[in-house]
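Q: Quick one, what's the 3D model for this:
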Amino acid sequence: MQRSVLDRIYIAFLLILIVSFGFLIFFISVFTRRSLIQEKQTTLANEATLISSQVITLYISGNLSPTELSNYFNVYSQTLEADIWYVDENGKIVATSGYFNDADDYDKDVATSGRPDVAILKRLPNSIYSLDKNYDIHEASYGVSDFYGVYSTNMITVSIPVVMTYYIDDKSKDLDCGALIIHSTTEDINSMMKNIYGITFIPCLVIIVIAFSLLQIVSHKVLRPIKKLAEVAQDYSKGDFDTKTEINSQDEIGQLAESMEYMASELSKLEEYRHEFISNISHDFRSPLTSIRGYVTAIQDGTIPPEKQDRYLGIVLDETNRLTKLTQGLLDLNRLEIYGPYLNLTDFDFIDIIKPTLNTFEIKCIDKNVAIYLNNHAEATVVTADKTKVQQVVYNLLDNALKFTPEGKHIYINIVEKGDKLQISIKDEGIGMSEETQKKIWTRFYKDDTSRGKDKGGTGLGLAITKEIIKAHNETIDVYSKEGEGSEFVFTLKKANDETTHSGETQILVNANES
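A: You can find the predicted model right below:
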């Protein structure tokens, strides 16, 4: 069964919460329990010191018998809810709470069913050394254990040495008199920990419920649009490009929805583009073929007299060259798009390719009374690129600019530096382009309707080839245009490490008035 994104988020979120709260509760319980045990050990140690100073001293001084000492221990035991042992300096257990110790009874099992607050004592030893021969009664010690298996469960044990101080000739002397050992259960701590667990679990449960409620709200705001996008994408995959996402949010999802709708709009035009492509290529091939056929037929049947045949054969040759140019351009563009161009990178001065390129447009500029200006603001104009292909780019852009520039207007070539790049722009004062046209000019065989009929020699491949060449150099080319205000094509080339400069030059490269 396939899970939705929402299901996966819920599961992941639940696992994160459970693991997070699990670690939180674990650390809280560990440190709280440790703190409570330390606090109780401190309390028992203080009580042991108090009992030692008030009762044990009486026993040591001979004012109390072992039975009387046990009776005192019973009183303290009820208050502390603990077992109290006194061990003399030889390790012998002299008196305990709850037990009247006779020597014969030390090795017998002792029941403590009448003392529910203290863990069951399995066996009362007669000497502490019978449990651990290395037990040190002269040092204070603390621990949590079953005390060498004596108790049925873990006990908090505190052992405090008993020291009597004597004064001889105004000098004090300490005498070790054994140790006082207090065993207390952890039941009160366990009960407290259960309360802490209850107090902790309830807020955690409430937090989880609130978190999932908020997640539900967020999911409706975030995942519902994503689900809608998935449904729309399925419609697009079936060819239904009219479906709208109906998402207008100003965030990443809104941007994605806008991009998908734009993509669908472009895909819906794919069939239109295909028909337009076939129409364009058919028109561009049919026109010269019709001319060639007409002139050759006229020559064959004698319609064109022999003395005029050379002129019309020249027209046929021009049309043949046009077909050759069209076919070669199509093959070149296809090769560029599939394999990319083979670049012969060299360092050359960009200025050096301007004038030779413009020589090919001199007659057209004179016929249309159009002047071309060069404005160079770069200190260094040497670039690293394929000279032949860059010259083809300049030729295509100037040819396009001249095609759409009316008589008496100007074309400007501007060169500036942008960091390690040389930025070249070719700007005309022509008819300009709409935003829709600007999106299509890089498409092969595309021709603006305003140019159709005026430039039958164009193939509609120049700008497509130009973009592929600039792209192959890892550079950029952009167009900026408004209808009625002309167009500007801007591309970049990487500068070479050369000191050749032409800064500040402004030249009229082609001036129709000079002819």
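
Q: Tell me where this protein has helices.
A: 5-51, 57-60, 66-80, 187-237, 252-268, 270-300, 306-339, 354-359, 362-368, 387-404, 435-440, 462-472 (DSSP state H).

Q: Take those and write them to JSON lines, including mean pLDDT.
A: Shown next, in JSON lines, are the helices of the chain (pLDDT from 0 to 100):
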{"stretch": "helix 5-51", "mean pLDDT": "84"}
{"stretch": "helix 57-60", "mean pLDDT": "87"}
{"stretch": "helix 66-80", "mean pLDDT": "88"}
{"stretch": "helix 187-237", "mean pLDDT": "80"}
{"stretch": "helix 252-268", "mean pLDDT": "81"}
{"stretch": "helix 270-300", "mean pLDDT": "73"}
{"stretch": "helix 306-339", "mean pLDDT": "74"}
{"stretch": "helix 354-359", "mean pLDDT": "81"}
{"stretch": "helix 362-368", "mean pLDDT": "82"}
{"stretch": "helix 387-404", "mean pLDDT": "87"}
{"stretch": "helix 435-440", "mean pLDDT": "80"}
{"stretch": "helix 462-472", "mean pLDDT": "84"}
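
Q: closest to Thr346 out of these?
A: helix 387-404 (5.9 Å; CB to CB). No exception for glycine: its C-beta is placed from N, CA and C like everyone else's.

Q: Quick one: distance of the closest one to the chain centre.
A: Counting by CA atoms, centre = their mean, to the nearest Å, helix 387-404 is centred 43 Å from the centre of its parent chain.

Q: Format the CA atom coordinates belonging to it as PDB.
A: Extracted in PDB, the C-alpha atoms of helix 387-404 (Å, rounded to 0.1, in the frame of the first residue of the first chain):
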ATOM      1  CA  LYS A 387      37.400  34.100 -33.900                       C
ATOM      2  CA  THR A 388      35.500  32.600 -36.900                       C
ATOM      3  CA  LYS A 389      32.400  31.800 -34.900                       C
ATOM      4  CA  VAL A 390      32.400  35.200 -33.000                       C
ATOM      5  CA  GLN A 391      32.600  36.900 -36.400                       C
ATOM      6  CA  GLN A 392      29.500  34.800 -37.400                       C
ATOM      7  CA  VAL A 393      27.700  36.100 -34.300                       C
ATOM      8  CA  VAL A 394      28.500  39.700 -35.100                       C
ATOM      9  CA  TYR A 395      27.400  39.100 -38.800                       C
ATOM     10  CA  ASN A 396      24.100  37.600 -37.700                       C
ATOM     11  CA  LEU A 397      23.300  40.300 -35.200                       C
ATOM     12  CA  LEU A 398      24.200  43.100 -37.600                       C
ATOM     13  CA  ASP A 399      22.200  41.500 -40.400                       C
ATOM     14  CA  ASN A 400      19.200  41.200 -38.100                       C
ATOM     15  CA  ALA A 401      19.600  44.900 -37.000                       C
ATOM     16  CA  LEU A 402      19.900  46.200 -40.600                       C
ATOM     17  CA  LYS A 403      16.900  44.200 -41.600                       C
ATOM     18  CA  PHE A 404      14.600  45.900 -39.100                       C
END
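
Q: just to revisit the earlier point, now mean neighbour count and distance to Ile415 too, for the helices of the chain, in TSV please.
A: Formatted as TSV, those follow (neighbours: other CB atoms under 10 Å; distance: least, CB to CB, whole Å):
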stretch	mean neighbour count	distance to Ile415
helix 5-51	14	53
helix 57-60	17	108
helix 66-80	17	97
helix 187-237	13	45
helix 252-268	14	35
helix 270-300	14	34
helix 306-339	14	25
helix 354-359	15	9
helix 362-368	15	20
helix 387-404	21	11
helix 435-440	13	23
helix 462-472	21	16
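
Q: Can you lay out those as TSV showing distance to Phe489?
A: Formatted as TSV, those follow (distance: least, CB to CB, whole Å):
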stretch	distance to Phe489
helix 5-51	45
helix 57-60	108
helix 66-80	96
helix 187-237	33
helix 252-268	23
helix 270-300	22
helix 306-339	18
helix 354-359	14
helix 362-368	18
helix 387-404	5
helix 435-440	11
helix 462-472	8
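
Q: Of all these, which one is nearest Ser425?
A: helix 387-404 (9.4 Å).

Q: Which strands and helices lie in contact with the closest one?
A: helix 354-359, helix 362-368, strand 410-418, strand 421-428, helix 462-472, strand 487-494 (3 or more CB pairs under 8 Å, 6 or more residues apart in numbering; DSSP states H and E).

Q: CA atoms only: put the second one into CSV for me.
A: What it means is helix 362-368. Presented in CSV, the C-alpha positions along helix 362-368 are these (Å, rounded to 0.1, in the frame of the first residue of the first chain):
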residue,chain,number,x,y,z
GLU,A,362,28.3,48.4,-47.0
ILE,A,363,26.0,48.2,-50.1
LYS,A,364,22.9,47.5,-48.0
CYS,A,365,23.7,50.4,-45.7
ILE,A,366,24.2,52.8,-48.6
ASP,A,367,20.9,51.6,-50.2
LYS,A,368,19.0,52.1,-46.9
